[in-house]
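J.: Need coordinates for the following:
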Amino acid sequence: MKKLLIAGVCAFGLVAGSAVSAMAEWAPSGPMKMMIAFKAGGGADTQARMIAEALEERHGWKVIPENVTGKGGANLARALKNEPNNGSAFGIAITDTFGYGMVSAGDKAGFTQADFTPLTTTAGFQMGVVALTSKGWNSWDDLVAAAKGGQEIRFGAMSPKLADLAYLLGQNAGIDLNIVMVKGGKGVMNGLNAGDLDIGWGAGIQAKAVKAGDMVNLVSGISSKLVVSPDAPTMGELGIDFNSDGYFLFTAPAGLSQEARDAIASAIGDIVNDPSTKAGGFIAKAFGGPVTISGAELDKVMADAESSAGALMAASE
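T.: The predicted model follows:
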């Protein structure tokens, strides 16, 4: 039985020994370009810019944010791999950019994981299958019953990977889902509120509406329970061997020195794990709290993301 390999990864902060020493000794030789794979004004862009601001405040590093959007982070990856590997350039995307997105594109991706030096994650996805409470569905079983009763279910997905997972949810439940591709989490929320979608994937953007009682998470798309909806079943509990586990990821061009890698990862980790910083407070509120994975653990996460992508694609054919 095929299983998604990214599951239950613990959060590791770089706080001890060599990492602290490296941070004290290493510093960029000039301004640092921070490429951001997300549109300006969104939650991911906001956390990146808050981190950039804190890096300058805490360490005196001049960090210049630059939005390089499109193709699920692939445009950023193609640009970043050609930047100098001396610490003057790094970027934030998601692990799926270098996993499912890269594998599904094949040679057209234009990059491989070997082109990069992963630095650290900042937060995971609170991915859930969300619906308006006005639909009257309090659980996934309620939705399945409605579908089996003849109601068409339009399911909003923001990426091919999420479309595959939506397909597996329907297949597992014995129902047909009309999967609609939309642009980003805001596209899902807008579609739900406009009545163009019945359910959709939300990566945390739905949390405020769920807390207010306007929306409900029917399924947790990750390997663990959702922070705001602990009663929602996980994909695994529904008998599906795949999930949408993933993380916001800072990475740099291949060949970055270990000293620079440790220093940048440690500096970012210290910021996001400190709730008194703007970035730390924002991540706790918007993404359910920080998840900082770095070093060898992050290397394993990235390798697993690549190796598991093919299994998911095969299962959803």
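J.: Skip ahead from the helix or strand harbouring residue 105 and say which helix or strand is next.
T.: Secondary structure assignment for residue 105, by DSSP states H and E: helix 100-105. Where DSSP H and E defines the elements, the next helix or strand beyond helix 100-105 is strand 116-124.
J.: which residues sit against the very next helix or strand once past that following strand?
T.: Next helix or strand after strand 116-124 toward the C-terminus (DSSP H and E): strand 128-132. With C-beta atoms under 8 Å, 6 or more residues apart in numbering as the test, strand 128-132 has contacts from 137, 140, 143, 155, 169, 188, 192-193, 198-202, 206, 209-210, 214-221, 226, 229, 232. Heads up, the C-betas are built off the backbone N, CA and C, glycines and all.
J.: Among these, name the ones in helices.
T.: 140, 143, 169, 188, 192-193, 209-210 (DSSP state H).
J.: Now distance to residue 314, neighbour count and pLDDT too, for these, in a markdown table please.
T.: Shown next, in a markdown table, are the ones in helices among the contacts of strand 128-132 (distance: C-beta to C-beta, whole Å; neighbours: other C-beta atoms under 10 Å; pLDDT from 0 to 100):
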| residue | distance to residue 314 | neighbour count | pLDDT |
| --- | --- | --- | --- |
| 140 | 25 | 20 | 98 |
| 143 | 26 | 26 | 98 |
| 169 | 17 | 25 | 97 |
| 188 | 26 | 26 | 96 |
| 192 | 31 | 25 | 98 |
| 193 | 35 | 13 | 97 |
| 209 | 35 | 20 | 95 |
| 210 | 33 | 21 | 96 |
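J.: What residues of the helix holding residue 105 count as buried?
T.: 100-104 (16 or more other C-beta atoms under 10 Å).
J.: Which elements pack onto it?
T.: helix 74-80, helix 160-173, helix 295-315 (3 or more C-beta pairs under 8 Å, 6 or more residues apart in numbering; DSSP states H and E).
J.: residues touching residue 227, list them.
T.: 126, 207, 288-289.
J.: Tabulate the helices and strands packed on helix 100-105 in TSV, adding columns for distance to residue 116.
T.: TSV is the format used below for the helices and strands packed on helix 100-105 (distance: least, C-beta to C-beta, whole Å):
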stretch	distance to residue 116
helix 74-80	7
helix 160-173	19
helix 295-315	8
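J.: if we can go back for a sec, buried subset of the contacts of strand 128-132, written for PyMOL?
T.: Here is the PyMOL selection string for the buried members of the contacts of strand 128-132, based on 16+ other C-beta under 10 Å:
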select buried, resi 137+140+143+155+169+188+192+198+199+200+201+202+206+209+210+215+216+217+218+219+220+221+226+229+232
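J.: Which of the contacts of strand 128-132 fall in strands?
T.: 155, 199-202, 215-220 (DSSP state E).
J.: contacting residues around the spatially closest residue to residue 81 that is not a sequence neighbour?
T.: Closest residue to residue 81 apart from its sequence neighbours, by C-beta to C-beta, 6 or more residues apart in numbering: residue 115 at 4.0 Å. For residue 115, the contact set (C-beta under 8 Å, 6+ apart) comprises 77, 81, 253-254.
J.: Give me the three-state assignment for residue 251.
T.: Following DSSP: H, G, I helix; E, B strand; the rest coil, residue 251 is assigned to strand.
J.: Much appreciated, bye for now.
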